[in-house]
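> Make a model of this:
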Amino acid sequence: MKGSSNWYIAGVMGLICLLIAAMTDGGMAALKYDRLKIEEGEYWRLLTGHFTHLSVAHLNLNLFGLFLVWLLVGRYYSSLQWLVVILFCLITASAGLWFIDPNILWYVGLSGILHGFLLAGAMQGCRVLPIENAIIFAIVTGKLVYEQVAGPVPGAESGSGGSVVVNAHLFGSVGGILGATILWRSGMINRSI
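The predicted structure is shown next:
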């Protein structure tokens, strides 16, 4: 396992979220995932929407989530490997919203990406702490199943200040699993225990 927990990766992501939040409502309007604006050629929204938030409460929840995720699984990949996972989470979450869930007209938030990080990290972490990381993987998977069957977990919408797009969690999770699998299959990760 890597000696560094790569906190600066999480720090840069948090800083991007804070900078967008500092732009107030104008930042959210210009950077959120907005299907109609994307159709008009504003393609950056496919990426920036994940770093944009509804409110300070929503931002704080996601930043706290980023801190917890990194505390749990941040040490399991190098910086380059995390960048691969981030890329897969971003692309898969945006592609899922675009192609599979076209009824979502707009979206903001980092939570879909965070779900992907947890699963990718837990997959790699199972090599070092198998029980703990299997529990993380099971909890996140159980939450995803619950959300697909029953909708957002109780309190999620009141805590974030708006509707929760549970499919973003699912699509981000698929991206995390794909990213971890690609890293393993490409040989970027030592396969031996």
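> Now the worst-scoring helix or strand of the chain on mean pLDDT - C-alpha only, PDB.
Taking mean pLDDT, DSSP states H and E as the measure, helix 156-160 is the helix or strand of the chain with the lowest mean score, a mean of 84. Backbone C-alpha positions of helix 156-160 (Å, rounded to 0.1, in the frame of the first residue of the first chain) are rendered in PDB as follows:
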ATOM      1  CA  ALA A 156     -30.900  13.100   2.900                       C
ATOM      2  CA  GLU A 157     -33.200  15.600   1.200                       C
ATOM      3  CA  SER A 158     -33.700  17.700   4.300                       C
ATOM      4  CA  GLY A 159     -30.000  17.700   5.000                       C
ATOM      5  CA  SER A 160     -29.000  18.800   1.500                       C
END
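> How far does that helix sit from its chain's centre?
Averaging C-alpha coordinates over helix 156-160 and over its chain gives two centres that are 17 Å apart (C-alpha atoms, centre = their mean, to the nearest Å).
> got it, and stretch 119-132?
Taking C-alpha atoms, centre = their mean, the mean C-alpha location of stretch 119-132 is offset from the chain mean by 17 Å.
> Mind listing what's buried along it?
Of the residues in stretch 119-132, those buried under the neighbour-count criterion (16 or more other C-beta atoms under 10 Å) are L119, A120, G121, A122, M123, Q124, G125, C126, L129. Just so you know, the C-beta spots here come from the backbone N, C-alpha and C atoms, and that holds for glycine as well.
> Tell me how far the last one lies from V73.
As judged by C-beta to C-beta, to the nearest Å, L129 and V73 stand 10 Å apart.
> got the contact list for the helix or strand containing V145?
Here V145, judged by DSSP states H and E, is contained in helix 130-150. Residues outside helix 130-150 that contact it (C-beta atoms under 8 Å, 6 or more residues apart in numbering) are 72-73, 115, 118-119, 121-123, 125-126, 153, 166, 169-170, 173.
> rerun that using 10 Å as the cut-off
By C-beta atoms under 10 Å, 6 or more residues apart in numbering, the residues outside helix 130-150 that reach it are 69, 72-73, 76, 114-119, 121-127, 129, 152-153, 156, 164-167, 169-170, 172-174, 176-177, 193.
> give the contact list for the residue nearest in space to the middle of the chain.
The C-alpha lying nearest the average C-alpha coordinate of the chain belongs to I113 (C-alpha atoms, centre = their mean; 0.7 Å). When contacts are counted by C-beta under 10 Å, 6+ apart, I113 is found next to 13, 50-51, 62, 65-66, 69, 85-86, 88-90, 92-93, 168-169, 171-173, 175-176.
> would you say it is within a helix?
Yes - I113 forms part of a helix when assessed by DSSP: H, G, I helix; E, B strand; the rest coil.
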